[in-house]
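Student: only geometry, no sequence info:
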């Protein structure tokens, strides 16, 4: 089963078993993970699901789209090289992903 490890800005980690095909954002919202607001519900129009991918896992993910790249410039906390929008990351069968949420999304 795929697992997403969500760490908040204080260092608290919540491990969630995810469903393949769902997004990392949907998994967080469905399981009450704090730190992901997801105001637009995953339509790539708000950037309130910003996460930092564990650096050694960035290359394991599909590349971001041009639209996601543009949206990351509108995050409440400055983007980093490992920034992604969790609504754009689809869970795969063998995923074991570590993400950190920023201090704030709004």
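Tutor: That came in fine, so what should we check first? Just so it is clear, the structure is predicted and the values come from calculations on it, not from any experiment.
Student: drop to CA atoms for contacts and neighbour counts, all remaining ones
Tutor: Will do.
Student: if I read this right, residue 19 contacts residue 95, doesn't it?
Tutor: No - assessed by CA atoms under 8 Å, residue 19 is found out of contact with residue 95, at 10.0 Å.
Student: Mind listing the shared neighbours of the two?
Tutor: 1-2 (CA atoms under 8 Å, 6 or more residues apart in numbering).
Student: All the helices of this structure, residue numbers only.
Tutor: Remark: helices assigned in the chain by DSSP state H are 24-30, 66-71.
Student: what's the first one in contact with?
Tutor: Read that as helix 24-30. For helix 24-30, using CA under 8 Å, 6+ apart, the contacting residues are 4, 16, 18-19, 34, 36-38, 42, 49, 86-91.
Student: Looking at the residues you listed, which one is closest to residue 68?
Tutor: Nearest to residue 68 among those is residue 88, at 7.6 Å by CA to CA.
Student: Can you tell me how far that closest one is from residue 20?
Tutor: According to CA to CA, to the nearest Å, residue 88 and residue 20 sit 13 Å apart.
Student: ok, these two, which is more surrounded?
Tutor: Between residue 88 and residue 20, residue 88 has the larger neighbour count (other CA atoms under 10 Å), namely 21 against 17.
Student: Now do the contacts for the closest residue in space to the more buried one that isn't next to it in sequence.
Tutor: Ranked by CA to CA, 6 or more residues apart in numbering and with sequence neighbours excluded, the top spatial neighbour of residue 88 is residue 23, at 6.6 Å. Residues counted as contacts of residue 23 (CA under 8 Å, 6+ apart) are 86-91.
Student: What of residue 40?
Tutor: 46, 48.
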